[in-house]
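1. just a sequence and a predicted model for now, questions to come.
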Amino acid sequence: MTAPTNRNRLADAGSPYLRQHADNPVNWQLWDDEAFEAAERRDDPIFLSIGYSACHWCHVMEEESFSDPEVADALNENFVPIKVDREERPDVDSLYMTVCNVVRGGGGWPLSVFLTPDRKPFYVGTYFPKHSKQNQPGFLPLLERVAGEWEHNREELEDRAEQWMSAASGELESLPDPVDVGDDSPLVDAADALARAADQDHGGFGRA
């Protein structure tokens, strides 16, 4: 059986936003048990990207980084990359956005989170350009730095994850589990209808 992390699985997603990323060279995974088990088996951290269809900077980061083979190689080699639609999984978005607000004093989308294999965050941010500019860290060097820290300072990252979860515990209940709506769910047809109506270039619906 082929390992799920050897391919981009977003073509199988019910979310139109996720399917927009199905052609990325990043081997995106769904928020599900297959991805979590792969992270445990590989003993690699998870890179979680949360966004939505009308998010401008989500599309910018896709164009600059997620469509870039160099970035994709770094993600696929050292991380289990997972993409989440915040409109499909507001519980996942709320949890990690809460952590981002607690530790950084603010948040936004795309929400970029590095997690331990058991889904505890140890680094959070929002939009990153591919390379550093205007005092913003570059995504590619950040991937290299996090991969190096995971290899050489893993205990420190795991301790940080525990501290962050503890600091945000007043706002958090538990790590959310995946939800399978099933192929027969009316949500699938509704999502397809929304995807056809959406303006893929400028966001929103209709001509406004």
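-> Noted; the coordinates are in hand.
2. can you give me the helices for the chain?
-> If DSSP state H is used as the criterion, the helices of the chain fall at 16-19, 33-42, 56-61, 69-78, 90-104, 139-152, 154-167, 186-197.
3. list the residues that contact Trp164.
-> Shown in contact with Trp164 (CB atoms under 8 Å, 6 or more residues apart in numbering): Val99, Val102, Val103, Lys120, Pro121, Phe122. Glycine gets a C-beta too; all of them are placed from N, C-alpha and C.
4. okay, now the third one: neighbour count?
-> For Val103, the neighbour count with other CB atoms under 10 Å is 17.
5. from Glu34, how far off is the closest residue to it other than its chain neighbours?
-> Computed as CB to CB, 6 or more residues apart in numbering, the closest residue to Val103 that is not its neighbour in sequence is Trp164, at 5.7 Å. Computed as CB to CB, to the nearest Å, the Trp164 to Glu34 distance reads 26 Å.
6. same check on Trp57?
-> Between Trp57 and Glu34 the distance is 28 Å, computed by CB to CB.
7. quick check, pLDDT for the nearest residue to Ser132 once chain neighbours are set aside.
-> Distances taken as CB to CB, 6+ apart put Gly138 closest to Ser132, at 3.9 Å, once the chain neighbours are dropped. Predicted confidence (pLDDT) at Gly138: the value is 97.
8. could you do Ala147 as well?
-> Confidence score, pLDDT, at Ala147: 97.
9. you'd agree it is up against Asn76?
-> No - Ala147 is not in contact with Asn76 according to CB atoms under 8 Å; the separation is 11.6 Å.
10. list the contacts for the residue nearest the centre of the chain?
-> Nearest residue to the geometric centre of the chain (CA atoms, centre = their mean): Ser49, 1.8 Å. The contact partners of Ser49, by CB under 8 Å, 6+ apart, come to Met61, Phe66, Pro81, Ile82, Lys83, Val84, Pro110, Leu111, Ser112, Val113.
11. now do Glu64
-> Shown in contact with Glu64 (CB under 8 Å, 6+ apart): Pro129, Lys130, Phe139.
12. at 7 Å what do you get?
-> Listed by CB atoms under 7 Å, 6 or more residues apart in numbering, the contact set of Glu64 reads Pro129, Lys130.
13. just Asn27 next, same as before
-> Asn27 touches Thr5, Asn6, Arg7, Asn8, Asn76, Pro81, counting by CB under 7 Å, 6+ apart.
14. isn't His21 right next to Trp28, touching?
-> Yes - counting by CB atoms under 7 Å, His21 touches Trp28, with 5.7 Å between them.
15. okay, the two: which has more neighbours?
-> Between His21 and Trp28, counted using other CB under 10 Å, the more crowded position is Trp28 (28 against 23).
16. ok, the more buried one - contacts?
-> Contacts of Trp28 by CB under 7 Å, 6+ apart are Asn8, Arg9, Leu10, His21, Pro81, Ile82, Lys83.
17. worst-scoring helix or strand of the chain, pLDDT-wise?
-> Least confident element among the helices and strands of the chain, by mean pLDDT, DSSP states H and E: helix 186-197 (a mean of 55).
18. fine, thanks again, bye for now.
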